[in-house]
Each structure stands twice: as C-alpha cells, then as structure tokens.
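A.B. asks: build the 3D model from these lines:
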Amino acid sequence: MSFEALAAYIRDAFKDVHMDARTPDVFFFAGDERQHPFATIVTRDTELDHHSKLDRPGVFRLNLCVGKDSFHKLFPEPGSNVDFTALDVLLPHPVHARMFWLSVLNPSHETFYVLRPYLREAYDLQIGRGARG
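C.D. replies: I've put the predicted structure just below:
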C-alpha cells in the first residue's frame with residue numbers, strides 16, 4: 001500500500017478528519033482536537049526515534065494510538081527483541097508503546113485490512129477525548 005493511498009484512506013474514511021501535512025510526516029486529528037493525533041505516518045528518523053531506520057528509500061511507518069486493552073491483546077508480553085525495522089509487521093511503537101501506540105512499516109493491503117478496526121478505535125478514542133474536553 002502506498003503512502004499516498006494510506007493517507008487518503010485515513011483522511012476520507014472518517015468524519016471530520018484534519019490532515020496536517022506541513023512536514024514530510026502526516027498527522028491525523030479527529031474533530032476539534034488538534035493537540036494529539038490519533039494516527040501518524042512518519043517518513044524520517046529523528047534524534048529520539050531512529051529505531052525503524054526510516055532513512056531507507058520508500059520506507060514509512062503508520063502509527064495508531066489504541067486503547068490499553070487492545071494494545072495488551074496485541075502485545076501481551078513486553079518484548080525486548082523486537083525488530084523495529086521489519087516491514088509489514090504489526091509492532092508496538094518503538095518510542096510510544098507505553099502510551100499504547102502501535103506501528104507498522106509499509107503495511108500491505110492485507111495488513112492494513114487487519115489494522116482498520118484499530119484505526120477506527122484510535123479515531124473513536126480521539127473523538128471521545130474531544131467530547132470530554
């Protein structure tokens with residue numbers, strides 16, 4: 001699945017999604033909440049986040065913030081032997097896993113199909129936070 005197709009799907013699949021693409025990375029916000037994205041697509045390494053080796057040509061990482069229960073169902077055992085450079089593998093986020101972010105590098109259509117309910121959950125959580133705000 002291409003970066004562009006993934007971004008278009010997230011932008012169009014849910015009501016009132018704001019896509020911030022002012023940098024090479026893309027941030028997705030739901031509703032009026034613009035402080036914390038529910039999903040991101042990142043394309044580059046930073047000082048604090050270089051574990052996925054995003055400097056490889058064509059590599060990008062989709063990140064989603066899901067609920068605690070979903071995260072622990074996907075990743076019941078905290079792993080120290082995670083290969084954060086693996087393509088098309090659902091992983092805990094290399095930096096923000098403790099905040100229940102998951103990630104996948106260059107998801108295939110099949111993997112993205114598996115991720116769609118988690119994307120919905122991330123969106124719904126963001127909308128819920130905005131409603132309480």
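
A.B. asks: drop to CA atoms for contacts and neighbour counts, all remaining ones
C.D. replies: Fine.

A.B. asks: what about the residue nearest the centre of the chain, which SS state?
C.D. replies: Of all residues in the chain, the one closest to the mean position by C-alpha atoms, centre = their mean is N63, 1.4 Å from it. For N63, the assignment made with DSSP: H, G, I helix; E, B strand; the rest coil gives strand.

A.B. asks: distance of the spatially closest residue to it that is not a sequence neighbour from D16?
C.D. replies: Among residues not flanking N63 along the chain, S103 sits closest, at 4.3 Å (C-alpha to C-alpha, 6 or more residues apart in numbering). Distance from S103 to D16, counting by C-alpha to C-alpha, to the nearest Å: 23 Å.

A.B. asks: ok, these two, which is more surrounded?
C.D. replies: It is S103, of S103 and D16, that has more neighbours when counted by other C-alpha atoms under 10 Å, with 26 against 13.

A.B. asks: so where's the chain uncertain?
C.D. replies: Across the chain, the ranges flagged by pLDDT under 70 are 33, 78-79, 130-133.

A.B. asks: mind running it again at 80?
C.D. replies: Low-confidence regions of the chain, defined by pLDDT under 80, span residues 32-34, 78-80, 130-133.

A.B. asks: how about the helices of it, start to end?
C.D. replies: Here the chain has its helices, by DSSP state H, at 3-13, 68-74, 109-132.

A.B. asks: residue contacts, N63?
C.D. replies: When contacts are counted by C-alpha atoms under 8 Å, 6 or more residues apart in numbering, N63 touches 39-42, 93, 101-104.

A.B. asks: output those residues in JSON lines, with distance to P117 appended to each entry.
C.D. replies: As requested, those are exported to JSON lines (distance: C-alpha to C-alpha, whole Å):
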{"residue": "A39", "distance to P117": "13"}
{"residue": "T40", "distance to P117": "16"}
{"residue": "I41", "distance to P117": "17"}
{"residue": "V42", "distance to P117": "20"}
{"residue": "H93", "distance to P117": "17"}
{"residue": "W101", "distance to P117": "14"}
{"residue": "L102", "distance to P117": "13"}
{"residue": "S103", "distance to P117": "14"}
{"residue": "V104", "distance to P117": "15"}
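
A.B. asks: apart from its neighbours in sequence, what residue is nearest F60?
C.D. replies: T43 is the one closest to F60 (C-alpha to C-alpha, 6+ apart), at 4.6 Å.
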